[in-house]
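Trainee: Next input, structure requested:
(2 chains)
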Protein chains: 2
Amino acid sequence: MVRTVRPEHPVSVTVTAAVGGKKEWNGPLGARFDYIDESDRFGKKTWEQSEAESQAIALRLALNKSSLRETDLDAVVAGDLLNQCSSSSYGLMNFRIPFLGIFGACSTPAEGLLISTLMLDGGHYRRIGVVSSSHFCSAERQFRAPVEYGGQRPPTAQWTVTGAGAFILENAPGRVQIDGLQIGRIVDAGIDDPGNMGAAMAPAAFEAFRDFFEFSGKKPADYDLILTGDLGAEGSAILKELALRAGIDLKRHNDCGLMIYDRATQDVQSGGSGCGCSAAVMASYILPQMFEGNVGSVLYAATGALMSADAVKQGLCIPGIAHIVSLKADMKNNRGERAQ
Amino acid sequence: MVRTVRPEHPVSVTVTAAVGGKKEWNGPLGARFDYIDESDRFGKKTWEQSEAESQAIALRLALNKSSLRETDLDAVVAGDLLNQCSSSSYGLMNFRIPFLGIFGACSTPAEGLLISTLMLDGGHYRRIGVVSSSHFCSAERQFRAPVEYGGQRPPTAQWTVTGAGAFILENAPGRVQIDGLQIGRIVDAGIDDPGNMGAAMAPAAFEAFRDFFEFSGKKPADYDLILTGDLGAEGSAILKELALRAGIDLKRHNDCGLMIYDRATQDVQSGGSGCGCSAAVMASYILPQMFEGNVGSVLYAATGALMSADAVKQGLCIPGIAHIVSLKADMKNNRGERAQ
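Mentor: Numbers count the residues shown, from 1 in each chain, chains lettered A, B, ... in the order given. Reported below is the predicted structural model:
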């Protein structure tokens, strides 16, 4: 079984765009988003259509930032949390770009980057877009209860991010290259509490890191940042404990679910989550920091809880997964100029 | 924009397995399935878990037929129609094979073959499994009404197949090779009737064939069979009319939704559909015919209706998509021996 893959040809992330709502605007990364709609509606009448529109806005912005047209993309790989991944289908259908729908729950942005990297490395495609989104209001009423119900949330619950991230990848050298990837394996940690996704996903993140450091030849110290998707406070604590016991140094670990909101003031319980969480953090903050040469190497493991509301009602556990993408910035070109 | 891709290295389908229920057993292809459960339950208590188990059985059978173990697969690419693709996650989690969840509605089996082919062509992976499933009872209660309700079905409705197909692909020459593929673009034909998926998907199938014949250098006459996923009678008639007007010869067209049931006696209205429909027809019949050297070349376009029940209730249309996989059998090795 092949675990870790190192692309044979250069594949780079050339541009990103991040879209968010009011709570994301009020968070520590708010000013770094490319587009904010404080109404959370993105001009649409239903929450599902609002989320779909957030994907369209993110992809449009990414194309505009790089002066590309729809026809310059050979494919778009997209996913979300809604039933039948409908934010992606409806949000991106008018672009008329060859479309691959994916589902990895909150691991979706990494799954998209990973599949696109493999496709670009194969040499047939030139440029691929990746889009991933979530929306607090569409997720709440689908997975839990309508927001109007005002149900109380346990301290281990995570707050679904309203937002989307878009990425454009090219099969050419660039400022930020993808130099490793690893497809996640599903881990059943026996957790069946949908109010504690962090605990369900942390063991998958741990296994992913353990395998990656075993098979890639890389060490934790090779990275400036070891970033998980959205384990939140609860899941991050479990991951660190598992890593400590296994002798894996996660001193440089941070979690997108802890970065996007201020837990002290924003009442988000254990932190952010959703297909839009690490997508927006990567697109608004991490990758721009790499483009500017401020961060050299990032090991990004987006985690997902592969549950459905029906499965949990039927007494099943919540399986977790974590896909890994390793990113390296060209620190020699750190003056904001595009490397060639 | 790159449309059609021809793999640079040999990628072959080495083995398939098909699983079905009672109605599939009673259909024209019944005897060709590898495994039938006439109770449709596959040993589980809920329809959702039954569907998940059908995926597990299909993959297990495919591994057994080729004397492979789980660890011989570098990845499994899987999808289904259920919310959050839960049949795939729950059905395949115990295999512990690196897992990529995909969603393309009924186009899922072709999307899986296509992504796997690109991954294998890239040279990093050796063997990948593809699994796709649907279940009449889990789909009915999710998309329409519980089966006990006994709602009347319009003549354009399609019957969701209870079944799963599994495929194992290798980056090596073999009896059946994938010699072309094309990622679908989403087509909005303005259809908003969930009782007429065929009409929603046919324009996407037409566009896919038109593009493929334009960009691949292939002609319809190069194929023994031009196969759509599951347009049913209604969608197939629309596809043929669109092709006729455009001067594309679809004389050798057939549709998996028309092949899996006997419409005259099985009361399936316009025909079969679902992520398990073309998966089971390809795995039980088409690919085995190619393995045996009876069919030389197949152009397989699996169609999907990228809808969700919520989107339709909100007045949105049903977007269609069609992914294409072109398959070629080695007719020189048609004595049941494995080509090398």
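Trainee: going forward, measure contacts and count neighbours with C-alpha atoms only.
Mentor: Will do.
Trainee: what about the strands in the stretch 151-300 of chain A?
Mentor: Secondary structure of the stretch 151-300 of chain A (DSSP state E, counting those that start in this stretch): strands located at A:159-160, A:163-170, A:176-182, A:225-228, A:253-255, A:272-273, A:297-305.
Trainee: the inter-axis angle of the last one versus strand A:176-182?
Mentor: For strand A:297-305 against strand A:176-182, the angle between stretch directions is 50 degrees (axes from the mean of the first three to the mean of the last three Cα atoms, to 10 degrees).
Trainee: could the strands of the stretch 151-300 of chain A be laid out in a markdown table, adding mean pLDDT, distance to B:Asn196 and mean neighbour count?
Mentor: Converted to a markdown table, the strands of the stretch 151-300 of chain A look like this (pLDDT from 0 to 100; distance: least, Cα to Cα, whole Å; neighbours: other Cα atoms under 10 Å in any protein chain shown):
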| stretch | mean pLDDT | distance to B:Asn196 | mean neighbour count |
| --- | --- | --- | --- |
| strand A:159-160 | 97 | 34 | 24 |
| strand A:163-170 | 98 | 32 | 30 |
| strand A:176-182 | 98 | 40 | 25 |
| strand A:225-228 | 98 | 43 | 23 |
| strand A:253-255 | 98 | 45 | 21 |
| strand A:272-273 | 98 | 36 | 32 |
| strand A:297-305 | 98 | 33 | 29 |
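Trainee: quick one: which of these is nearest A:Arg32?
Mentor: strand A:163-170 (12.3 Å; Cα to Cα).
Trainee: Relative to that closest one, what are the paired strands and their orientations?
Mentor: With DSSP bridges as the test, strand A:163-170 is paired with strand A:12-20 (antiparallel), strand A:127-134 (antiparallel).
Trainee: Skip the chain neighbours and tell me the closest residue to A:Ser89.
Mentor: Residue nearest to A:Ser89 in three dimensions, not counting chain neighbours: B:Leu306, with 6.3 Å by Cα to Cα, 6 or more residues apart in numbering or on different chains.
Trainee: what stretches of chain A score poorly on pLDDT?
Mentor: For chain A, applying pLDDT under 70 flags the ranges A:332-340.
Trainee: so what are the domain limits for it?
Mentor: Domain segmentation of chain A under automatic domain parsing yields A:4-170, A:176-329.
Trainee: mind putting the ones you listed in JSON lines, distance to B:Val13 included?
Mentor: Shown next, in JSON lines, are the domains of chain A (distance: least, Cα to Cα, whole Å):
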{"stretch": "domain A:4-170", "distance to B:Val13": "19"}
{"stretch": "domain A:176-329", "distance to B:Val13": "21"}
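Trainee: Tell me which of the ones you listed sits nearest to B:Asp40.
Mentor: Short answer: domain A:176-329, nearest of the domains of chain A by Cα to Cα, at 18.2 Å.
Trainee: For the closest one, measure first residue to last.
Mentor: Counting by Cα to Cα, to the nearest Å, you get 4 Å between the two ends of domain A:176-329.
Trainee: again with stretch A:302-322
Mentor: End-to-end distance of stretch A:302-322 (Cα to Cα): 5 Å.
Trainee: unless I'm mixing things up, A:Ala17 is touching A:Ala56, no?
Mentor: No. Counting by Cα atoms under 8 Å, A:Ala17 does not reach A:Ala56; the two are 10.9 Å apart.
Trainee: Which one's more surrounded, those two?
Mentor: Between A:Ala17 and A:Ala56, A:Ala17 has the larger neighbour count (other Cα atoms under 10 Å in any protein chain shown), namely 31 against 24.
Trainee: Next up, the contacts around the more buried one.
Mentor: A:33-34, A:58-59, A:61-62, A:165-167, A:280, A:283-284 (Cα atoms under 8 Å, 6 or more residues apart in numbering or on different chains).
Trainee: Looks like A:Leu63 contacts A:Val76 (just checking).
Mentor: No. Counting by Cα under 8 Å, A:Leu63 does not reach A:Val76; the two are 11.8 Å apart.
Trainee: More neighbours: which of those two?
Mentor: Ranked by neighbour count (other Cα under 10 Å), A:Leu63 and A:Val76 place A:Val76 first, with 28 against 22.
Trainee: Secondary structure of that one: a helix, I assume?
Mentor: No. Going by DSSP: H, G, I helix; E, B strand; the rest coil, the assignment for A:Val76 is strand, not a helix.
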